[in-house]
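*Asks:* no sequence for this one, just the structure:
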């Protein structure tokens, strides 16, 4: 794979999982209260 | 009578994700990425997701939650005369589920056939995959005018699919939520297995290169934005009455904003990772057939029932396991979506006529099953499925969504909705939400409708898909007219749209 393909893979994996992790944590913390 | 409840925020989240992720995440999204600029496509896609998909999703769930009713009841609560708009999306859902379950039935048949690789092993499969799908499975006729014979194995598989749906939906929504959670978790595990198998095949890097390597000039192309906006509209289960119904089973004061963003991004991530499984396998197939990757790339039915089975047959190890995993993934992803379609219709029926869940389930499932058998299991079924899919899941869905968003943004009020939701949500929406709901979402949908109409009617005067004019007149334009009439009748007959 080219460097551009690797960068796309890493950036979007981090972005998508990062957003999911961020909002899942907010919900997990606040939904308990 | 007290309204049913999901029984927890996470049950709702998983039910919404189960609804959103479906067949399109596996067979459409990866192809769009490849076809419209590789990794660069993700930029218009995520922009469309944020400015159109998420506000639209929040509006449907939020309005359902505030009004505590499905789509028709919610529209009627805004203004009595808008009830038919809610029914329009319910009828769209009804026609979609009638053929969507047929595609699931094919997946079940392929799951079973994967055990023996019935379409052949190795090089023989290259000759056999097409006759196997079009002949052995579909019994496809040469012309749409030839109705063909009914395929008993499809009918039996379809009945099986409907029995599973019935078993999930006939009781309360909490039980439904706890069951459909597995149509998210199991496919995630299976996709991980497919990725691990895919990336360890020779040629995987080549396939992924086609999938991911960005071509940034594509972002300036209008067709790329059409593809991005339309995929966002189709993937989040919007315009089909589903999210109103699902929202209506949440407590009146519960977060909408954070759960909506989480659902939308989980859907995108599922599609993105499914693409890695698909394209690594396509790279492997290209190497084994000594063809360039762009000659083996496919989407939709072609990917699921021709290209992927062929790739599986070329695998020297784990072929059957990967076959079963792939078709089980398709079946489970589709099942979660089909269940939500069924539940959206059932909710609308219950809100209006006050039936028990069991009675409403029977009222919905039996006609949808009969319609599916009559229209989509004979030899010409694929042709009718193709035209009706265009009518309802393109035009019907976008028209329903456009009308509903206009009602919400202008009659109920985008600002009022935002303020209500911000009071009960974990994260607040800014004023951008009002502009998005009032202008960007409707304009996006008008853009998609206009582009679709241009390609179907103006660019190709021989009518959609090259089918005879009479066929599209009946199954596309005629069906849309029928849905309109049925919607008006549903709204103005029986009790006045009030929940009992």
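*Replies:* Received it, and whenever you're ready, just let me know what you need. Since we're looking at a predicted model, the values are computed, not measured.
*Asks:* Name the residue of the stretch 101-250 of chain B that lies nearest to chain A.
*Replies:* residue B:212 (4.0 Å; C-beta to the nearest C-beta). In this view, the C-beta of every residue, glycine as well, is placed from N, C-alpha and C.
*Asks:* Verify the stated contact: that residue with residue B:38.
*Replies:* Yes - between residue B:212 and residue B:38 a contact is recorded at 5.8 Å, counting by C-beta atoms under 8 Å.
*Asks:* Look at those two and report which has more neighbours.
*Replies:* Taking other C-beta atoms under 10 Å in any protein chain shown, residue B:212 and residue B:38 do not tie; residue B:212 has more neighbours (26 against 21).
*Asks:* before we move on, the earlier item: any shared contact partners between residue B:212 and residue B:38?
*Replies:* A:5, A:8 (C-beta atoms under 8 Å, 6 or more residues apart in numbering or on different chains).
*Asks:* And chain A, is the host helix or strand of residue B:59 touching that?
*Replies:* Residue B:59 belongs to helix B:54-67 when assigned by DSSP states H and E. No - residues of helix B:54-67 are not located near chain A by C-beta under 8 Å from any C-beta of the partner chain, the shortest gap being 10.9 Å.
*Asks:* ok, residues contacting the helix or strand that that helix is followed by?
*Replies:* Past helix B:54-67, heading to the C-terminal end, the next element that is a helix or strand (DSSP H and E) is helix B:71-78. Here helix B:71-78 makes contact (C-beta under 8 Å, 6+ apart) with B:63-64, B:67, B:69, B:82-87, B:89-90, B:241, B:244-245, B:248, B:344, B:348, B:351-352, B:404, B:407-408, B:411-412, B:490-491, B:496-499.
*Asks:* In chain A, which residue sits nearest chain B?
*Replies:* Counting by C-beta to the nearest C-beta, chain A gets nearest chain B through residue A:8, at 3.2 Å.
*Asks:* Tell me the residues of chain A that contact chain B?
*Replies:* Residues of chain A that fall close to chain B, judged by C-beta under 8 Å from any C-beta: A:1-2, A:4-6, A:8-9, A:12-13, A:15-17, A:19-20, A:23-24, A:26-27, A:30-31.
*Asks:* swap the cut-off to 6 Å and go again
*Replies:* A:1-2, A:4-5, A:8-9, A:12, A:16, A:19-20, A:23-24, A:26-27, A:30-31 (C-beta under 6 Å from any C-beta of the partner chain).
*Asks:* What subset of the residues you listed is buried?
*Replies:* Buried subset of the residues of chain A next to chain B (neighbour count, 16 or more other C-beta atoms under 10 Å in any protein chain shown): A:1, A:4-5, A:8-9, A:12, A:16, A:19-20, A:23-24, A:26-27, A:31.
*Asks:* Columns secondary structure and pLDDT on top of the residues you listed, output as JSON lines?
*Replies:* Below are those laid out as JSON lines (DSSP: H, G, I helix; E, B strand; the rest coil; pLDDT from 0 to 100):
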{"residue": "A:1", "secondary structure": "coil", "pLDDT": "88"}
{"residue": "A:4", "secondary structure": "helix", "pLDDT": "94"}
{"residue": "A:5", "secondary structure": "helix", "pLDDT": "95"}
{"residue": "A:8", "secondary structure": "helix", "pLDDT": "95"}
{"residue": "A:9", "secondary structure": "helix", "pLDDT": "96"}
{"residue": "A:12", "secondary structure": "helix", "pLDDT": "96"}
{"residue": "A:16", "secondary structure": "helix", "pLDDT": "97"}
{"residue": "A:19", "secondary structure": "helix", "pLDDT": "97"}
{"residue": "A:20", "secondary structure": "helix", "pLDDT": "97"}
{"residue": "A:23", "secondary structure": "helix", "pLDDT": "97"}
{"residue": "A:24", "secondary structure": "helix", "pLDDT": "96"}
{"residue": "A:26", "secondary structure": "helix", "pLDDT": "95"}
{"residue": "A:27", "secondary structure": "helix", "pLDDT": "94"}
{"residue": "A:31", "secondary structure": "helix", "pLDDT": "77"}
